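Q: everything below, folded, please.
(chains A and B)
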There are 2 protein chains.
Amino acid sequence: MRDIGDAVGLLAGSLYSHISSKEAVLLQIVETGLDRYLGALLPIVESDEPADVRLRAAVKAHVDLVANHAEESLVALHQWKFLSGENRARIEAKRHAGSDAFANILADGIESGVFKPVPNRDIAIAGMLGTLNWVPEWYSPEGPATPEEIGDQLADLLLGGLLEPRELQSEARPRARSNSSRARRR
Amino acid sequence: MRDIGDAVGLLAGSLYSHISSKEAVLLQIVETGLDRYLGALLPIVESDEPADVRLRAAVKAHVDLVANHAEESLVALHQWKFLSGENRARIEAKRHAGSDAFANILADGIESGVFKPVPNRDIAIAGMLGTLNWVPEWYSPEGPATPEEIGDQLADLLLGGLLEPRELQSEARPRARSNSSRARRR
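A: Residues are numbered from 1 along each chain as shown, chains lettered A, B, ... in the order given. Modelled structure (predicted):
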């Protein structure tokens, strides 16, 4: 509180005439971030686009927000655990609304055959959100890439993976690496 | 320090006859975790397996360690920022050795044609490490999946992505499943 007081030119004690508690400050940072996030995410989930298009848009919206509000995002992503009671319950509900948004896109994509079935959908969602929530740990406004470029590349990674498509195909073509035994059979 | 003293049955002041400082405690947690991690990772990078095989093994080793040492991993992954001077420099060098291990596998895979070229390799690595470093945020030893199963599914996600292979192909062919064309040819 003393650091905050110094920053705004008030004694720490006087701050309490403006805010009710440290938890209130934390709650406001976390909830402002989450509300902005859900405001960007929910219209994407609810659009009529195919699941892969919506997933790319959701990934880019997520990266855009956490990159452009990196400090605040680190607080929102990690310090929410220090909230308690009703505050914590409300924040947990909003966090779930965010991961449910991704889960809905994944479910639609699997049902429509755009996405592969996965053994456990929660793990797929947690894996994706890890990639996205880690962005504020390394993003720098000095570059080398813009949030837009990062969003596109991470969407490529999560949608398409690293393997060359031919590695995923059942049709063999002669080449040096992993399915050389199949090539030899020709 | 008082919490640690309570836990081990010593006055906080007496702790200092056993450890030199709070930073020494933090350093030991972070460095023990990193040394164990590099001990698992480096032999995988240096093996003669193809890049996709090595990447899967590296992903699984990473998940295994952060899941089985979740509390310690959260400290090692986030609190290293509070180290200073030489301690911090040494830890940063070990952190880089870890991401360089993944970068080497990615580079080998792109050069050998197993992996697609990516616009920016650092972003690909940061994206992958995000997925893996986020595991201790959600992993539970109560399930529903073992570290082994989680490692396999996250490797599938990062290597193959979510899209059905046919969505990745430039050559459009009407078919229900990815390898029905081969089945028909038999």
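
Q: contacts only, for the residue nearest to A:Trp134 when sequence neighbours are not counted.
A: Excluding the flanking residues, the one nearest A:Trp134 by Cβ to Cβ, 6 or more residues apart in numbering or on different chains is B:Gly130, at 2.7 Å. Where you see a C-beta, it was placed from the backbone N, CA and C, and this is true even at glycine. Residues in contact with B:Gly130 (Cβ atoms under 8 Å, 6 or more residues apart in numbering or on different chains) are A:130-135, A:137.

Q: try it again at 6 Å.
A: Counting by Cβ atoms under 6 Å, 6 or more residues apart in numbering or on different chains, B:Gly130 makes contact with A:130-131, A:134.

Q: A:Ala67 now?
A: A:Ala67 neighbours (Cβ under 6 Å, 6+ apart): A:135, A:139, A:147.

Q: which strand or helix spans the most centrally placed residue in chain A?
A: Central residue of chain A (Cα atoms, centre = their mean): A:Leu132, 3.6 Å from the mean position. Here A:Leu132 sits within helix A:121-133, counting by DSSP states H and E.

Q: phi first, then psi, for A:Glu164.
A: Phi and psi for A:Glu164, reported as degrees, to the nearest 10, are phi -60, psi 140.

Q: burial count for it?
A: Neighbourhood size, A:Glu164 [other Cβ atoms under 10 Å in any protein chain shown]: 21.

Q: now A:Ala126
A: A:Ala126: 22 neighbours (other Cβ under 10 Å).

Q: ok, the one 5 residues further on next?
A: With neighbours defined by other Cβ under 10 Å, the count for A:Thr131 comes to 26.

Q: hang on, it packs against B:Ala126?
A: No - look at A:Thr131 against B:Ala126 with Cβ atoms under 6 Å: they stay out of range, at 8.4 Å.

Q: need the overlap of contacts for the two.
A: By Cβ under 6 Å, 6+ apart, no residue touches both A:Thr131 and B:Ala126.

Q: now do A:Ala97 against A:Tyr37, distance only.
A: Here the distance between A:Ala97 and A:Tyr37 works out to 9 Å (Cβ to Cβ, to the nearest Å).

Q: between the two, who's got more neighbours?
A: A:Tyr37 (22 against 15).

Q: and the top helix by length along chain A, what does it pack onto?
A: For chain A, the helix with the greatest residue count under DSSP state H is helix A:85-111. Under the contact criterion of 3 or more Cβ pairs under 6 Å, 6 or more residues apart in numbering or on different chains; DSSP states H and E, helix A:85-111 touches helix A:22-46, helix A:51-68, helix A:121-133.

Q: now it against helix A:22-46, angle please.
A: Angle, helix A:85-111 to helix A:22-46, by axes from the mean of the first three to the mean of the last three Cα atoms, to 10 degrees: 20 degrees.

Q: relative to helix A:121-133, how tilted is helix A:85-111?
A: Orientation check (the same axes, to 10 degrees): helix A:85-111 against helix A:121-133 gives 110 degrees.

Q: check which residues of helix A:85-111 are buried.
A: A:87-88, A:91, A:94-95, A:98, A:101-106, A:108-110 (16 or more other Cβ atoms under 10 Å in any protein chain shown).

Q: interface residues of chain A facing chain B?
A: A:115-116, A:119-120, A:123, A:126-127, A:130-131, A:134, A:138, A:145, A:150, A:153-154, A:157, A:159-165, A:168, A:170, A:177-178 (Cβ under 6 Å from any Cβ of the partner chain).

Q: so what pairs up with A:Leu163 in the strands?
A: B:Phe115 (DSSP bridges).

Q: that one: how many residues sit nearby?
A: A:Leu163 has 22 nearby residues by other Cβ under 10 Å.
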